[in-house]
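>>> using only what follows, build the 3D model:
(one chain, ligands or ions: 1)
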Amino acid sequence: VFAHLVRAPEDPILGVTLAYNKDPSPVKLNLGVGAYRTEVTMLFSVFCYVDYRRLCERYSLCCLVHQEGKPLVLNVVRLWNGNSSVTPLSFCIICRARNKEYLPITGVADFNKLSAQLIFGADSPAIQESRVTTVQCLSGTGSLRVGGEFLAKHYHQRNIYLPQPTWGNHPKVFTLAGLTVQTYRYYAPATRGLDFQGLMEDLGAVPSGSVIMLHACAHNPTGVDPTPEQWEEIRKLIRSKALLPFFDSAYQAMFCLHFFALSIVDHEHTRIYLHYGFASGSLDKDAQPVRSFVADGGELLVAQSYAKNMGLYGERVGALSIVCKSADVASKVESQLKLVIRPMYSNPPIHGATIVAAVLKDSDLFNEWTIELKEMADRIISMRQQLFDALHARGTPGDWSHIIKQIGMFTFTGLNSEQVSFMTREYHIYMTSDGRISMAGLSSKTVPHLADAIHAAVTK
Ligand code: LMR
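Got it, this is the predicted structure:
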């Protein structure tokens, strides 16, 4: 009965990994999917984190020697999982004791509360006034899909406007959710920066009430974000036209270029932290565009993912929050979200959300997490610089400064699909056909290989 089917193409992002896996070349390099990979390193974040009471012991037992190019399980996650050889910690015991009953349709209550605080800020007026409803979903994609289906069912407008370009899965998610996908100008290939004028013109022309999809920070695939001033103009325009913002927040805290300050905190007279000022600074700063839309009292949706910033890709942990005008509306929205979720997957999985809740709740784990975030962000920034320097050293034609100007996990190189095919064919370098490379998949050792390939592709 299915013989009439034609073979569907592989996913443009996840299919890159399939092709990479089939390649026997020892020099192959996967820069397709946005997933963090390690440099050869000992992850001794303990060097900047001294605890005379118990954390030294914890760290000395769990520090890892990283092999190059391997997926990273964050220390906070490893510790919590209890799968390293660390002394049993209270949270490991909690983990083992936890039962495997069904969760409520809305997921782990603590996870939802803490996720809302992470994105909106603990002092958010919307949280304090109980105007936010948050439901645990299957990572960013699942949160977008639940939000999309909720809008298709209950919102008066079916049009959703996506930036051009956007993450390849966005149009599919929203189309299948029942919305009509439109686009607005976002990226200017000539400058490899934001087409702010085009963006404002297009948003100015959309029908009142339309849904506008916005990347909260570290735009995927371009790595180009509006400045705070531009965000403010976008916000005013959106509100003046009663448009409904729907944020995708997949990279909170990971990849902004923040300097950090060292300060010494005497905590309970037993601990001295050499504390990254970066910590909550980045988490807060990356959430700023979302928070400014909450501060103006208006409604919005936001999909959060913990794939990148907690390395929980395969655990599928995310949250959808909807900020409403009143607590009463928020509770009605939640009741309707449950009707979307129940027939879709009934209720979400326990494991990943419990890890996230534990990390967000425990101040020690939270601090450790921010240190690991900074390590990941720094490594990616260093890859940007190294790649830029390598192209400069080779005299590769073109202005490659966008490599260091763009932010986040990706560089939108400007290479065309023909050049990408050439690099895959001749150099075994795998990336999406739009020229996006995942900087997180690169290491100091592989930068020269990539630079050689880019040089050959643009000079051939
Ligand atoms: C990406 O853009 O590479 C990631 O968001 C992974 C995915 O699911 O596409």
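>>> got a list of what the residue of the stretch 251-400 of the chain found nearest the ligand touches?
Of all residues in the stretch 251-400 of the chain, A307 sits closest to the ligand, at 7.1 Å by C-beta to the nearest ligand atom. Using the backbone N, CA and C atoms, a C-beta is placed for each residue, glycine as well. Neighbouring residues of A307 by C-beta atoms under 8 Å, 6 or more residues apart in numbering: 35, 139-140, 250, 313, 316-318.
>>> now do E129
326-327.
>>> residues of the stretch 201-350 of the chain that sit close to the ligand?
Counting by C-beta under 6 Å from any ligand atom, the stretch 201-350 of the chain comes close to the ligand at N220.
>>> low-confidence regions, the stretch 201-350 of the chain specifically.
254-281 (pLDDT under 70).
>>> can you give me the helices in it?
228-240, 278-286, 288-295, 327-345 (DSSP state H, counting those that start in this stretch).
>>> got the ones you listed as TSV, with mean neighbour count columns?
Output for these, formatted as TSV (neighbours: other C-beta atoms under 10 Å):
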stretch	mean neighbour count
helix 228-240	15
helix 278-286	20
helix 288-295	20
helix 327-345	16
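>>> which one of these lies nearest to V132?
Closest to V132 of the helices of the stretch 201-350 of the chain is helix 327-345 (C-beta to C-beta; 6.1 Å).
>>> kindly export the closest one (C-alpha atoms) in CSV.
Extracted C-alpha coordinates of helix 327-345, given in CSV (Å, rounded to 0.1, in the frame of the first residue of the first chain):
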residue,chain,number,x,y,z
ALA,A,327,-3.3,35.5,35.5
ASP,A,328,-6.8,34.4,34.6
VAL,A,329,-5.9,34.3,30.8
ALA,A,330,-2.6,32.6,31.5
SER,A,331,-4.4,29.8,33.4
LYS,A,332,-6.9,29.4,30.6
VAL,A,333,-4.0,29.3,28.1
GLU,A,334,-2.4,26.5,30.1
SER,A,335,-5.6,24.5,30.1
GLN,A,336,-5.7,24.8,26.3
LEU,A,337,-2.0,23.9,25.9
LYS,A,338,-2.7,20.7,27.7
LEU,A,339,-5.3,19.9,25.0
VAL,A,340,-2.6,20.4,22.3
ILE,A,341,0.0,18.3,24.1
ARG,A,342,-2.1,15.3,25.3
PRO,A,343,-3.0,14.0,21.9
MET,A,344,0.5,14.8,20.5
TYR,A,345,2.8,12.9,23.0
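>>> residue in the stretch 1-150 of the chain nearest to the ligand?
In the stretch 1-150 of the chain, the residue that lies nearest the ligand is G34 (3.3 Å; C-beta to the nearest ligand atom).
>>> that residue touches M431, doesn't it?
No: with contact defined as C-beta atoms under 8 Å, G34 does not count as touching M431 (11.1 Å).
>>> intersection of neighbour lists for these two?
Common neighbours of G34 and M431 (C-beta under 8 Å, 6+ apart) are S438.
>>> now the contacts of A307 in a markdown table, with neighbour count and distance to H154?
Compiled in a markdown table, those are given as follows (neighbours: other C-beta atoms under 10 Å; distance: C-beta to C-beta, whole Å):
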| residue | neighbour count | distance to H154 |
| --- | --- | --- |
| A35 | 18 | 34 |
| S139 | 23 | 23 |
| G140 | 27 | 21 |
| A250 | 28 | 24 |
| Y313 | 18 | 31 |
| R316 | 20 | 25 |
| V317 | 32 | 25 |
| G318 | 31 | 21 |
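>>> okay if I get these as CSV plus distance to E10?
Shown next, in CSV, are the contacts of A307 (distance: C-beta to C-beta, whole Å):
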residue, distance to E10
A35, 17
S139, 20
G140, 21
A250, 22
Y313, 18
R316, 20
V317, 25
G318, 24
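>>> the residues you listed in strands, which ones?
Among those, DSSP state E puts 317-318 in strands.
>>> hey, where'd the helices end up in the stretch 1-150 of the chain?
14-22, 55-62, 75-81, 90-97, 109-120, 125-128, 139-154.
>>> average pLDDT for the third one?
Spelled out, that is helix 75-81. Helix 75-81 shows a mean pLDDT of 75.
>>> quick one: distance of that helix to the chain centre.
Centroid displacement of helix 75-81 relative to its chain, using C-alpha atoms, centre = their mean, to the nearest Å, is 20 Å.
>>> who are the packing partners of that helix?
The contact analysis (3 or more C-beta pairs under 8 Å, 6 or more residues apart in numbering; DSSP states H and E) places helix 75-81 against helix 55-62, helix 90-97, helix 351-361, helix 363-394.
>>> circling back to that earlier point, dump the helices of the stretch 1-150 of the chain into a markdown table; add distance to M439 as well.
Converted to a markdown table, the helices of the stretch 1-150 of the chain look like this (distance: least, C-beta to C-beta, whole Å):
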| stretch | distance to M439 |
| --- | --- |
| helix 14-22 | 15 |
| helix 55-62 | 27 |
| helix 75-81 | 22 |
| helix 90-97 | 32 |
| helix 109-120 | 24 |
| helix 125-128 | 34 |
| helix 139-154 | 19 |
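>>> residue in the stretch 351-460 of the chain nearest to the ligand?
Taking C-beta to the nearest ligand atom, the stretch 351-460 of the chain has S438 as its residue nearest the ligand, at 6.5 Å.
>>> phi first, then psi, for that residue.
phi -80, psi 110 (degrees, to the nearest 10).
>>> give the residue farthest from the middle of this structure.
Within the chain, the residue lying farthest from the chain centre (C-alpha atoms, centre = their mean) is V1, at 40.4 Å.
>>> on that earlier part again, how close does the residue of the stretch 351-460 of the chain closest to the ligand get to D399?
22 Å (C-beta to C-beta, to the nearest Å).
>>> between those two, which one's more packed in?
Taking neighbours as other C-beta atoms under 10 Å, S438 and D399 compare with S438 leading, 27 against 9.
>>> that one touches T17, doesn't it?
No: S438 lies out of contact with T17 (C-beta under 8 Å); the separation is 10.6 Å.
>>> who touches both of those two?
30, 32-33.
>>> neighbour-wise, which of these leads?
The most crowded member of the shared contacts of S438 and T17, judged by other C-beta under 10 Å, is G32 (25 neighbours).
>>> what's the neighbour count on the residue lying closest to it once chain neighbours are set aside?
Nearest non-adjacent residue to G32, counting by C-beta to C-beta, 6 or more residues apart in numbering: V16, 3.0 Å away. Other residues near V16 come to 23 when the count uses other C-beta under 10 Å.
>>> ok, now the one 10 residues further on?
A total of 6 residues lie near P26 under the criterion other C-beta under 10 Å.
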